[in-house]
Structure formats: structure tokens, C-alpha cells
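Visitor: Quick one, structure for this:
(one chain, ligands or ions: 1)
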Amino acid sequence: MHMARKDDRIVNAMTIDVEDYFHVSVFDGLVPRHAWGSMESRVCANTERLLELFDEVEISATFFILGWVAERFPRLVRQIAAAGHEIASHGSEHRLVYDMTPAAFRADVRRSKDLLESAASCPVHGYRAPSYSVTPRSLWALDVLMDEGFLYDSSIFPIHHDRYGIPVSPRHPYVLTRDAASIVEAPGSTVKWGPFNLPVGGGGYFRILPYGWTRWGIRRLNELERLPAIFYLHPWEIDPDQPRLSAGRLSRFRHYRNLEKTEDRLRALVREFRFSTMMSLLQDQIRETRADVAAAPLPYVW
Ligand SMILES: [Zn+2]
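Guide: Sure, this is the predicted structure:
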């Protein structure tokens, strides 16, 4: 007789930063913002392939979508929401938070939230900064996010990196309290190795290093620490046919390495581990932060 076994594996978050190949920060300056509109856009086709994969393995994910993308392709935003995924914000213009003034940041996130909510007809609760650019000099961004009605942020990476990171910040999702309010912070995933936090949660680390690295890291998090991983990827990372930009050697390595292998790896990953949305992962902590949220059920059941 077949007995159904309860799946007691930890649920991780699957997140996609929806932007085009020419938006990424390592290419900053190569394709100026005023020229974005004239570039060949591949974000819809690549995101649709991710939607097919997630449909195939029946997982819901969180899509942090750039306002720039939502404005040009509102149909894509609707399509993602209609497939049962969570819509979240990646800002409007892919500007690094620490390069903006608080007022400019507020305008940027507000605009992205408006564009996404009107395209998807559902509320946006989460934000992730371009290139994890909430660092010690841009922590004020969290106050702006709380003020603009965001319930969680996923912009702090507890590592040393040339462009981002707060190495001493917590490695797991937590309630972060500032002067007047709180927000749930869901940092990029790391494993602890001696004095270092090593990133294991996706992007370049998933694509450039062997798959065994990510598998080892997520297993260690899930089984040893009983912590969820917050995994992230970009649609362009499964697109080996994207036009090549003439960047420096390090940027080219970071961006183009193993593009042809990443979709198969992702397929292996989602079969091996459990995944869902950020909101389903964080809902208990979010209830702690907001009396108004605690009083009423969350608008979604993921
Ligand atoms: Zn980005």
C-alpha cells in the first residue's frame, strides 16, 4: 500500500528580478538610460520561459519587477499575476539606492509600485533594491519603504562585496525596527564559514560556480540551520542568445558565463528543493510588524 509521506522539507523563497540584459549594474554607463528604449528587449520571452518552468513544477514565486518593464510591458505583469505569482518592486529606473537622495528614492519606488499595482490590479508589498544597494549609508531607504506602505524588504546582503553588503547584519529573515515603525527584512542567503558569510542564494553564484555549490549551501541552510534560502535569478540569466555588450573582461565574465547551462540548473534546483513566494515565507513576521495587518487577514493566501 502506498502511504503519502508528509513533506517536511523547509520552504525556500524563489525570487526573480525582472529586468533586461542591458539594465544590470555591471553594465552601467554602457547603455545609458535614454537609450534603453532603443535596445532589443528580451525580458518578456525570457520571463515567459521561467513562467512555463514554474508551471511545470507547480511552484509560486515572487517577481521583483522593474517599473521600466511594467510601464512598457503591462501585459507581462498581468500574465505573472494571473499565473498565481507574487508581484513585487525592483524600483523604477534601476538606480542604486546609495546614489539617490531620499526624495529621489521615494519617487522611484512610489512610481514602480503605482505602475505594478495598476498593471496587476493587486497590492505590492515587497521591494528589492537594484544590486542589493541598501548598505550602511542608505539605511534611510527602509524608513521610506515603511512610509510608502511596503511590508518587507529584501535588499541587504550580509556579505563583503565590492558594490554592496552589510557583513554584520542577520543572515535570516527578521523584523527590523527603526524609529517609528518596523519592516521585515529578508536578506540574501549565505552560509557561515568561519568568520565569513558566503553567498549561496543565486544570481552569479548560482550561474558561475558549479551547481554543487548551491545544492550544498541550501542543504546546509535547510537541514542544519532549519533556515529558508532566499533564491534569486534574472530572466537574462537563462538567455544564451542575448546580444553581447562590449564591457570590460570582469563584467563580461560575470554576465555571460554559463548562460547556456542555467535553465537546466534551475530545473534541477526546483525539483530538489521546495519553493514558494516571499509573502508565504514571511507572513508570520509581517503580522508581528503591523497592528493593522495583524487585525485582518493578509490580502493574499499564497
Ligand atoms: Zn536588478
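Visitor: C-alpha only now, for contacts and for neighbours.
Guide: Fine.
Visitor: I'd guessed residue 176 sits against residue 186; true?
Guide: No: the pair residue 176 / residue 186 is not scored as a contact, 9.7 Å apart, by CA atoms under 8 Å.
Visitor: Between these two, point out the one with more neighbours.
Guide: Comparing residue 176 with residue 186 by other CA atoms under 10 Å, the one with more neighbours is residue 186, at 27 against 16.
Visitor: can you map out the strands along the stretch 1-150 of the chain?
Guide: Here the stretch 1-150 of the chain has its strands, by DSSP state E, counting those that start in this stretch, at 11-18, 62-65, 86-89, 126-127.
Visitor: ranking those strands by burial, who's on top?
Guide: Most buried of those by mean neighbour count (mean count of other CA atoms under 10 Å) is strand 86-89; its value is a mean of 28.
Visitor: Show me what that strand is packed up against.
Guide: strand 62-65, helix 74-82, helix 102-120, strand 126-127 (3 or more CA pairs under 8 Å, 6 or more residues apart in numbering; DSSP states H and E).
Visitor: where does the stretch 51-200 of the chain dip in pLDDT?
Guide: Under the criterion pLDDT under 70, the flagged ranges of the stretch 51-200 of the chain are 160-163.
Visitor: that older thread, would you mind giving the helices and strands packed on strand 86-89 as JSON lines with distance to residue 36 added?
Guide: Shown next, in JSON lines, are the helices and strands packed on strand 86-89 (distance: least, CA to CA, whole Å):
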{"stretch": "strand 62-65", "distance to residue 36": "16"}
{"stretch": "helix 74-82", "distance to residue 36": "17"}
{"stretch": "helix 102-120", "distance to residue 36": "17"}
{"stretch": "strand 126-127", "distance to residue 36": "22"}
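Visitor: Which one of those lies nearest to residue 219?
Guide: Of all the helices and strands packed on strand 86-89, strand 62-65 sits nearest to residue 219, with 21.2 Å by CA to CA.
Visitor: Which strands border that closest one, and is each parallel or antiparallel?
Guide: strand 11-18 (parallel), strand 86-89 (parallel) (DSSP bridges).
Visitor: Of all the helices and strands packed on strand 86-89, which one is nearest residue 281?
Guide: Between the helices and strands packed on strand 86-89, strand 62-65 lies closest to residue 281; by CA to CA that is 10.7 Å.
Visitor: Counting neighbours, what do you get for the residue nearest to residue 47 when sequence neighbours are not counted?
Guide: Nearest residue to residue 47, sequence neighbours excluded (CA to CA, 6 or more residues apart in numbering): residue 235, at 5.4 Å. Using other CA under 10 Å, residue 235 has 22 other residues around it.
Visitor: cool, residue 240 as well?
Guide: Residues near residue 240, counting by other CA under 10 Å: 16.
Visitor: wait, doesn't it sit right on residue 260?
Guide: Yes: between residue 240 and residue 260 there is a contact under CA under 8 Å: 5.1 Å.
Visitor: related to what we said a few turns ago, out of the helices and strands packed on strand 86-89, which is closest to residue 180?
Guide: Across the helices and strands packed on strand 86-89, residue 180 has its closest neighbour in helix 102-120 (17.0 Å, CA to CA).
Visitor: Buried residues, the closest one. List them.
Guide: For helix 102-120, a neighbour-count test (16 or more other CA atoms under 10 Å) marks 102, 105-120 as buried.
Visitor: And stretch 279-292, by the same measure?
Guide: Buried residues in stretch 279-292 (16+ other CA under 10 Å): 279, 280, 281, 282, 283, 285, 286, 287, 289.
Visitor: Where does the fifth one fall, secondary structure wise?
Guide: Using DSSP states H and E, the element containing residue 283 is helix 278-289.
Visitor: Show me what that helix is packed up against.
Guide: Applying 3+ CA pairs under 8 Å, 6+ apart, one finds that helix 278-289 contacts strand 11-18, strand 174-177, strand 182-185, helix 291-295.
Visitor: Now do the same contact list for the residue nearest to residue 47.
Guide: The neighbours of residue 235, taking CA atoms under 8 Å, 6 or more residues apart in numbering as the test, are 16, 17, 18, 19, 20, 43, 46, 47, 50.
Visitor: Please identify which pair of those residues lies farthest apart.
Guide: Pairwise over those, using CA to CA, the maximum falls at 20 and 50, 13.9 Å.
Visitor: So those two - more neighbours on which side?
Guide: Taking neighbours as other CA under 10 Å, residue 20 and residue 50 compare with residue 20 leading, 24 against 21.
Visitor: so what's that one up against?
Guide: 41, 42, 43, 235, 236.
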